[in-house]
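> How does the following fold in three dimensions:
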Amino acid sequence: MAGPVIAVTDSVFPSLDPAKAALAKLNPTYRMSKSANAEDILAVAKDADAILVTYAKLTREILTQLTRCKAIGRFGLGVDNIDLVAAKEKGIAVNYVPDYCIREVSDHAMALLLALIRKIPLSNKLVQGGRWEMPAVVPIRRIEGTVLGLVGFGHIPRLVAPKAQAFGMKVVAYDPFAKPDVFRAAGVESVDFDTLLKTSDYVSVHAPLLPATRGMMNAAAFAKMKKGAYIINTARGPLIDEAALVAALDSGQIGGAGLDVVAVEPLAKDSPLLGRDNVIISPHTAFYSIEALEELQTKCASDVARVLSGEKAVYPISA
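Next up, the predicted model:
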């Protein structure tokens, strides 16, 4: 007997074998969209039983035209590309994977921070260019005794904290939704946003992208930070007002930035963030490891299989 039809809107994976293995018992048929455009998505998803999505936008316009969809699985830990309200109105269960790459992203945040503090990329560039000069990379501060401020204290920053503490950093965090016992258990001081900005030598952003958090790291926030402080972002690009960041870098108010995400990806070739010795940018790779991608596909597809089988998802999310 023919199984359900599963539409795949987009994929960044070498293969979808882990996802297909998790769905194999349902004997599904797969349809791959030619692009992430709404027209192409609807061509494969309009009468599909489920959708697997990575970065494509599943807007209200698309969701209201679906006739059979019961489940949407998001290959990721954010769902800002899915209209959750429209999905709920259509009775479509949405699942995601909030814990698949927390080790990788926390490692990446620390790697960006340490590389900035120790000026590794600049040092490497100088040596590769034939310059063996310590004066060209000074000053460099001792890590021990500095303060790292975490904006948000969910799964990822809770793993960043002990890694930073292992280097002798004091860690503070701002998260109005995290309970006091979570901070106590981690040995992290809970502070308000302004206090975090004023007291931190380094700020690492881990907030979800919401209307209230979009552009939260703006000119006003940078002005409150210590002069020469560093900022790290491995969460969502639009959390930072990039024009304000560029201005703060130009003025020296912000001493450096480590970015794995930017407001518009890929980064424009003429971006004023490029060509700076105190800015490190990686191409949205913090999430990646071979193991993380296998875990992501398996967990996401397994939840879609559960919903299509009349069961509850392990990682549901709703409006």
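> Following element in sequence after the helix or strand containing S123, please.
Using DSSP states H and E, S123 maps to helix 120-128. Per DSSP H and E, helix 120-128 leads on to strand 147-151 as the next helix or strand towards the C-terminus.
> for stretch 9-17, which positions count as buried?
The neighbour-count check on stretch 9-17 (16 or more other C-beta atoms under 10 Å) flags 9-11, 16 as buried. Using the backbone N, CA and C atoms, a C-beta is placed for each residue, glycine as well.
> got the end-to-end distance for that stretch?
End-to-end distance for stretch 9-17, by C-alpha to C-alpha, to the nearest Å: 16 Å.
> got it, and stretch 312-319?
End to end - C-alpha to C-alpha - stretch 312-319 spans 17 Å.
> Buried ones in it, by neighbour count?
Per 16+ other C-beta under 10 Å, stretch 312-319 contains these buried residues: 313, 315, 317.
> Which residues does that stretch contact?
71, 79, 84-85, 87-88, 93-98, 299, 302-304, 306-307 (C-beta atoms under 8 Å, 6 or more residues apart in numbering).
> Likewise for stretch 118-131?
Outside stretch 118-131, the residues that touch it by C-beta under 8 Å, 6+ apart are 114-115, 132-133, 136-137, 140, 277-278, 280.
> Go through the buried residues of stretch 9-17 and name the one nearest S271.
Using C-beta to C-beta, D10 comes nearest to S271 of the buried residues of stretch 9-17, at 24.0 Å.
> and that closest one, what is it in contact with?
Counted by C-beta under 8 Å, 6+ apart, D10 has contacts 33, 35-36, 53-56.
> if you set the cut-off to 6 Å instead, what comes out?
36, 54-56 (C-beta atoms under 6 Å, 6 or more residues apart in numbering).
> L114 and F13, how far apart?
Using C-beta to C-beta, to the nearest Å, we find L114 at a distance of 29 Å from F13.
> Name the next helix or strand following the biggest helix by length in the chain along the chain.
Counting by DSSP state H, the longest helix found in the chain is helix 290-308. Sequence-wise, the next helix or strand beyond helix 290-308 is strand 316-317, with elements assigned using DSSP H and E.
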